[in-house]
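Enquirer: predicted model and sequence below, questions to follow.
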Amino acid sequence: MTENVDYLNYLVRTYDGVTKLITQTKQRHATLSGEVVDDPENDDILKGDRHSEGLDTVKGRMSRDIEKELSANWDIWRLWLKMVPGIGPAIAGGLVMKYYFKFVPVCQKCGGDLEKVKEDGKENGGLEKTKGMMKCLSCGKSAKNDGVLQYRKQRREFATISKWWAFMGRHTVDGVMPKRKKGIVANWSTPGRTLGYQIGEQINRQGPDSPYKRFLLERKAKHQKNHPEWSKGHVHNAAKNEAIKLFLSHFWVVAHEIEGLPVSEPYAGAIMGHTNIVEPFFWTKEKAA
């Protein structure tokens, strides 16, 4: 399993890197003169030519590689996620890595954990002039994050759905989702929040027959009725965030049932504001047997 986790992590992170590179390449392409290149859809770097693959082709191939890895080693993909409209291999791979594992950088000298430090070396997440500097908690040796760090894998445990939400940046502070602040270590994952945003966009693209899209539309109608003072954007974002949280709660439930772990039931009533439990769509407990 260790080798499988390492390989899936490699695929997911490289896929994200290629996606980012494609976005940056398209932005650079937009600055070019029309006399230099044609439409970006004909760009050799993005689309390839008869001699080599383009970045879009590489991205598609990596998505298929992630799907093969998930199909070979992860029940949550085989039994549930691949049936959920809009949740493709890339999103599923990111969810698996975020939910199950943490990669902790370790000191190459003593094997102790590394943490980010400020210029004065005090424990703090604010990276100022020494951006990328990390320090060993055991021996005090510094390490630069621009080198090749070693990591140890650590299994994550989310005892409740609310803790899973909080890690994914979907919790609220004073009624709103928190933002990162300079000099303060955040206790939630920025990539996790981005992943949630991607899930929300995929849910929103589905037709009204999709249960998650239907839930989004129901919440949207409720907010429009109860909060006529809200803007259309506010109503839409609030409903989409609730759909994301519902999906994440379902992920937690399915993951627990697959592993035979106890499942708490606050995710519909006490947390989502529903009178009835909203069971995971496309899932039955018998699948976990």
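Expert: Received it, and whenever you're ready, just let me know what you need. Residues are numbered from 1 along each chain as shown.
Enquirer: the stretch 101-250 of the chain: strands as residue ranges?
Expert: Secondary structure of the stretch 101-250 of the chain (DSSP state E, counting those that start in this stretch): strands at 101-106, 114-116, 133-136, 142-144, 150-155.
Enquirer: can I get these in JSON lines with mean pLDDT?
Expert: Putting those into JSON lines (pLDDT from 0 to 100) gives the following:
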{"stretch": "strand 101-106", "mean pLDDT": "85"}
{"stretch": "strand 114-116", "mean pLDDT": "76"}
{"stretch": "strand 133-136", "mean pLDDT": "76"}
{"stretch": "strand 142-144", "mean pLDDT": "69"}
{"stretch": "strand 150-155", "mean pLDDT": "84"}
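Enquirer: among the ones you listed, show me which one is buried the most.
Expert: For the strands of the stretch 101-250 of the chain, the largest average neighbour count (mean count of other Cβ atoms under 10 Å) is found in strand 133-136, namely a mean of 20. (Glycine included, C-beta is placed from N, CA and C.)
Enquirer: packing partners of it?
Expert: Contacts defined by 3 or more Cβ pairs under 8 Å, 6 or more residues apart in numbering; DSSP states H and E place strand 133-136 against strand 114-116, strand 142-144.
Enquirer: those: which one's closest to Pro178?
Expert: strand 114-116 (18.6 Å; Cβ to Cβ).
Enquirer: tell me the mean pLDDT over the strand or helix carrying Thr23?
Expert: Here Thr23 sits within helix 2-29, counting by DSSP states H and E. Taken as a whole, helix 2-29 has an average pLDDT of 89.
Enquirer: in the helix or strand following it, what's buried?
Expert: Next helix or strand after helix 2-29 toward the C-terminus (DSSP H and E): helix 44-47. Buried residues in helix 44-47, defined by neighbour count with 16 or more other Cβ atoms under 10 Å: Ile45, Leu46.
Enquirer: list the buried ones in stretch 195-204?
Expert: Leu195, Gly196, Gln198, Ile199, Gly200, Gln202, Ile203, Asn204.
Enquirer: how about the contacts made by Leu149?
Expert: By Cβ atoms under 8 Å, 6 or more residues apart in numbering, the contact set of Leu149 is Pro105, Val106, Leu114, Met134, Ala143.
Enquirer: can you pull out the low-pLDDT segments for the stretch 51-200 of the chain?
Expert: For the stretch 51-200 of the chain, applying pLDDT under 70 flags the ranges 117-132, 144-148, 174-175, 183-185.
Enquirer: helices along that one, start to end?
Expert: For the stretch 51-200 of the chain, the helices defined by DSSP state H, counting those that start in this stretch cover 55-73, 75-79, 89-100, 161-167, 190-205.
Enquirer: domain assignment for the protein?
Expert: 1-73, 75-102+156-289, 109-148 (automatic domain parsing).
Enquirer: winner for burial among those domains?
Expert: Across the domains of the chain, the average number of neighbours (mean count of other Cβ under 10 Å) peaks for domain 75-102+156-289, which reaches a mean of 16.
Enquirer: quick check: which of the strands of the stretch 101-250 of the chain is nearest to Tyr15?
Expert: strand 101-106 (16.3 Å).
Enquirer: report the angle between that closest one and helix 89-100.
Expert: Per axes from the mean of the first three to the mean of the last three Cα atoms, to 10 degrees, the angle that strand 101-106 makes with helix 89-100 is 70 degrees.
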